[in-house]
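**Student:** below is the sequence, then the predicted model.
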Amino acid sequence: AQSVTQLGSHVSVSEGALVLLRCNYSSSVPPYLFWYVQYPNQGLQLLLKYTSAATLVKGINGFEAEFKKSETSFHLTKPSAHMSDAAEYFCAVSDQSSASKIIFGSGTRLSIRP
Amino acid sequence: GAGVSQSPRYKVAKRGQDVALRCDPISGHVSLFWYQQALGQGPEFLTYFQNEAQLDKSGLPSDRFFAERPEGSVSTLKIQRTQQEDSAVYLCASSLGLVGETQYFGPGTRLLVL
């Protein structure tokens, strides 16, 4: 069974500092991995996704994530935080064998200090 | 272009009432998904359609939950005899239906059962 674990339900960084949101996955087959962002009262927006083409994936708004099979991790990073990055971030995994459901982590709320 | 739309955006129901939540997917999207997001949690899969066929309903929490997509486009999620534990945001997503395709999410319907 697939699962996703996000370490830290709340992360706070200063504006301009490095953002690191952690995600570990469990999957019996090679997975697709995603990071979604959710702003208050809005739907989920895809930041980036890993589909086995490249281990370092670049997304929107300056975010990127690196797939590390040996560590079963897919951590999200951004070199310099901006106030507009404050939101809830979800890591997710789906099965490469079908175009079906996505399994989401419990989310990490990112706060940015001025 | 138009994204996924959901209606109503907010719904207040008295315990025991039936509710119907509507999802209009992106035109041409074959796959449609429903997720339930409880407060402070990540979305959880409810059910999945490919065209009009419901291929996976393993996430529906009880037989009070019913979803349909009769013409392979608009979908309705119906909850009968609502309970307080049904209070959540219900998210709809659609995709082209190919393996690894991005799911595009609507803004959700926030259901409050009193």
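**Tutor:** Perfect, I can see it now.

**Student:** phi first, then psi, for residue 58.
**Tutor:** Since you didn't name a chain, this refers to chain A. Per-residue torsions, residue A:58: phi -100, psi 140 (degrees, to the nearest 10).

**Student:** my bad, chain B
**Tutor:** According to degrees, to the nearest 10, residue B:58 has phi -70, psi -20.

**Student:** roughly how far apart are it and chain A?
**Tutor:** 8 Å (CB to the nearest CB, to the nearest Å). (Each C-beta comes from the backbone N, C-alpha and C, glycine too.)

**Student:** how about that residue, what does it touch?
**Tutor:** B:45, B:47 (CB atoms under 8 Å, 6 or more residues apart in numbering or on different chains).

**Student:** need the contact list for the residue of chain B found nearest chain A.
**Tutor:** Nearest residue of chain B to chain A: residue B:42, at 3.6 Å (CB to the nearest CB). Contact analysis of residue B:42 by CB under 8 Å, 6+ apart lists A:90, A:92, A:104, A:105, A:106, A:107.

**Student:** again, 6 Å this time
**Tutor:** Residue B:42 is in contact with A:90, A:104, A:105, A:106, A:107, counting by CB atoms under 6 Å, 6 or more residues apart in numbering or on different chains.

**Student:** using a markdown table, lay out the residues you listed together with distance to residue A:61.
**Tutor:** Shown next, in a markdown table, are those (distance: CB to CB, whole Å):
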| residue | distance to residue A:61 |
| --- | --- |
| A:90 | 15 |
| A:104 | 20 |
| A:105 | 19 |
| A:106 | 22 |
| A:107 | 18 |
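
**Student:** among the residues you listed, the buried ones, what's the PyMOL command?
**Tutor:** With 16 or more other CB atoms under 10 Å in any protein chain shown as the criterion, this PyMOL line picks the buried residues out of those:
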select buried, chain A and resi 90+104+105+107
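
**Student:** okay, and which of the contacts of residue B:42 map to strands?
**Tutor:** A:90, A:104 (DSSP state E).

**Student:** would residue A:61 count as being in a helix?
**Tutor:** Yes - secondary structure of residue A:61 (DSSP: H, G, I helix; E, B strand; the rest coil): part of a helix.

**Student:** gap between it and residue B:100?
**Tutor:** 22 Å (CB to CB, to the nearest Å).

**Student:** does chain A sit close to the particular helix or strand that has residue B:110 in it?
**Tutor:** If you go by DSSP states H and E, residue B:110 is part of strand B:109-113. No - no part of strand B:109-113 sits near chain A under the criterion CB under 6 Å from any CB of the partner chain; the closest distance found is 8.4 Å.

**Student:** export that strand as PDB, just CAs?
**Tutor:** Provided in PDB are the C-alpha atoms of strand B:109-113 (Å, rounded to 0.1, in the frame of the first residue of the first chain):
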ATOM      1  CA  THR B 109     -17.500  22.600  -1.500                       C
ATOM      2  CA  ARG B 110     -17.400  23.300   2.200                       C
ATOM      3  CA  LEU B 111     -20.100  21.200   3.900                       C
ATOM      4  CA  LEU B 112     -21.200  21.900   7.500                       C
ATOM      5  CA  VAL B 113     -23.600  19.600   9.100                       C
END
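
**Student:** partner strands of that strand, parallel or antiparallel?
**Tutor:** strand B:10-13 (parallel), strand B:88-95 (antiparallel) (DSSP bridges).

**Student:** out of the ones you listed, nearest to residue B:113?
**Tutor:** Nearest to residue B:113, of all the strands paired with strand B:109-113, is strand B:10-13, at 5.2 Å by CB to CB.
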